[in-house]
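1. just need the structure, nothing else, for what follows:
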Amino acid sequence: MRDRHRYALLTAAAGSGAAIFVTFTFYEKPGLGLGHFYYVAIILAALATGPAVGAAAAGAATVLFALGVILNPDIPPSEVLSTSTGIRFVTYMTVGIVTGYFAKRNRVLMDELHLLAERDALTGLPNTRAFERAIGERLARDQPFALAVGGVDDVASTIGRRAVNADDMLREIASRLLHSLPPGDEVARIGEESFAVLTYAGSASEAGKIAVQLQRLLAAEGLAVTFGWAAYPQDGANALSLYRAADERLYARRVIHRQEAVVSLPSPAASV
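-> Have a look, this model is predicted:
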C-alpha cells in the first residue's frame, strides 16, 4: 500500500514537472512567475521518499527552469545566470530537503507507532491485535497449523517459589517461549496471564504434543503454565473456533491435572 502511494506521488511529480516546463516555455512572461509552480513537483517528489530525492527534484526543477528560459522567446537568455535564478535554486533545494526530511521522519514515527500498537508493553511480545492478524494470515494460506494457548497456574505460588514479582515472571515466560520456537513460529501475550503460540502441526495429536512440550519446558524452569491446543483445520475453520477449542482443552487439562501426557478429547465443534 505504501509503495503504491509513493509511486503515485513520484508519477504526479514527474507529470506536473513536465506540464510546468511546457507551460513555462510557451506562456511565461516577465513578472508572471510560472516558475514558482515547480515547487509543486519538488514537494510531491520529496513527500514520496525523502530529502535526497527532494534535493534531486530541486536540481531537476532548476535545470528545467533554465532550459525554459533559454527556449522562451519572451525572456532574455541572460536570466539563466541572474541572481534571481541562483536564489530560485537555493529555495528549490531548501524546500526539497526540508519537506523530504519531515516526510521521512513522519514515516519513521508512523512505523514506530504501528509497532507499539501491536506490542505488549511488559513483555515486548506481539499483543492480541497482532496475534489475530497473524492467525488471519495463516488462515488465508490455508495450510495446517496449531494454536497453543497457555495460562499461568497459581501465580501467587509461582512468584513465592521463585522469589520474583509477577512482571518478572511474565517476562521470563515470554522469553522462554520466544527462544524455544523455531523460525516462522509466533508467540504473543493475549491476556493478563495468557500466552499463545502459532506453529506448524499436521494434526490435533501433533498439536497436543507441542503443547505438552511447551508446558514441560516452562515447568523445568519452575514456571507453571498449562496449555490447551487446537489444530487447523480439524478443530476449526476460523480464529474464534480455534480459540474456543484451545480454551476447552486448557480448561480440561487444568481440571483433570494431566500435565504429563496429551489428553484425548473430542475435537470441539469447528463452526461457531
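2. can we go C-alpha only for contacts and neighbour counts from here?
-> Fine.
3. quick one: mean pLDDT for the longest helix along the chain?
-> Among the segments of the chain that qualify as a helix by DSSP state H, the longest is helix 83-117. Average pLDDT, helix 83-117: 92.
4. quick one: the strands in the stretch 1-150 of the chain, in order.
-> 145-152 (DSSP state E, counting those that start in this stretch).
5. chain center to stretch 142-151, what's the gap?
-> Its chain's C-alpha centre lies 22 Å from the corresponding centre of stretch 142-151 when counted by C-alpha atoms, centre = their mean, to the nearest Å.
6. contacts for that stretch next, please.
-> Contact partners of stretch 142-151, identified using C-alpha atoms under 8 Å, 6 or more residues apart in numbering, comprise 138, 193-204, 207, 211, 225-233, 242-243, 246-247, 250.
7. just how off-centre is the longest helix of the chain within its chain?
-> 22 Å.
8. tell me the buried residues in that helix?
-> Going by neighbour count (16 or more other C-alpha atoms under 10 Å), the buried part of helix 83-117 is 88-89, 92-101, 103-104.
9. tell me the helices and strands packed up against that helix.
-> Identification of packing neighbours for helix 83-117 by 3 or more C-alpha pairs under 8 Å, 6 or more residues apart in numbering; DSSP states H and E yields helix 38-48, helix 51-71.
10. and residue 231, helix, strand or coil?
-> Following DSSP: H, G, I helix; E, B strand; the rest coil, the label given to residue 231 is strand.
11. if we can go back for a sec, buried ones among the contacts of stretch 142-151?
-> Of these, these count as buried by 16+ other C-alpha under 10 Å: 138, 193-201, 203-204, 207, 211, 225-233, 242-243, 246-247, 250.
12. so of the residues you listed, which ones are in strands?
-> Judged by DSSP state E, strands contain the following of these: 194-199, 225-232.
13. please identify which of those residues is nearest to residue 64.
-> Distance to residue 64 across these (C-alpha to C-alpha) is lowest for residue 198, with 55.7 Å.
14. dump the residue contacts of that closest one.
-> Counting by C-alpha under 8 Å, 6+ apart, residue 198 makes contact with 135, 145-148, 185-187.
15. now swap in residue 61 and tell me
-> 17, 38, 42, 92.
16. so where's the stretch 151-272 of the chain uncertain?
-> Along the stretch 151-272 of the chain, the model assigns pLDDT under 70 to residues 155-164, 257-272.
17. where along it do the helices fall?
-> Remark: helices assigned in the stretch 151-272 of the chain by DSSP state H, counting those that start in this stretch are 155-162, 166-180, 204-219, 239-256.
18. between these, which one is closest to residue 121.
-> Across these, closest to residue 121 is helix 166-180 (C-alpha to C-alpha), at 10.4 Å.
19. dump the closest one to PDB, keeping only the CA atoms.
-> Extracted in PDB, the C-alpha atoms of helix 166-180 (Å, rounded to 0.1, in the frame of the first residue of the first chain):
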ATOM      1  CA  ALA A 166       4.600 -11.000  38.700                       C
ATOM      2  CA  ASP A 167       6.000  -8.800  35.900                       C
ATOM      3  CA  ASP A 168       9.400 -10.600  36.000                       C
ATOM      4  CA  MET A 169       7.700 -13.900  35.900                       C
ATOM      5  CA  LEU A 170       5.600 -12.900  32.800                       C
ATOM      6  CA  ARG A 171       8.700 -11.600  31.100                       C
ATOM      7  CA  GLU A 172      10.600 -14.800  31.800                       C
ATOM      8  CA  ILE A 173       7.700 -16.900  30.400                       C
ATOM      9  CA  ALA A 174       7.700 -14.700  27.300                       C
ATOM     10  CA  SER A 175      11.500 -15.100  26.900                       C
ATOM     11  CA  ARG A 176      11.400 -18.900  27.300                       C
ATOM     12  CA  LEU A 177       8.600 -19.300  24.800                       C
ATOM     13  CA  LEU A 178      10.200 -16.900  22.300                       C
ATOM     14  CA  HIS A 179      13.600 -18.600  22.300                       C
ATOM     15  CA  SER A 180      12.200 -22.100  22.300                       C
END
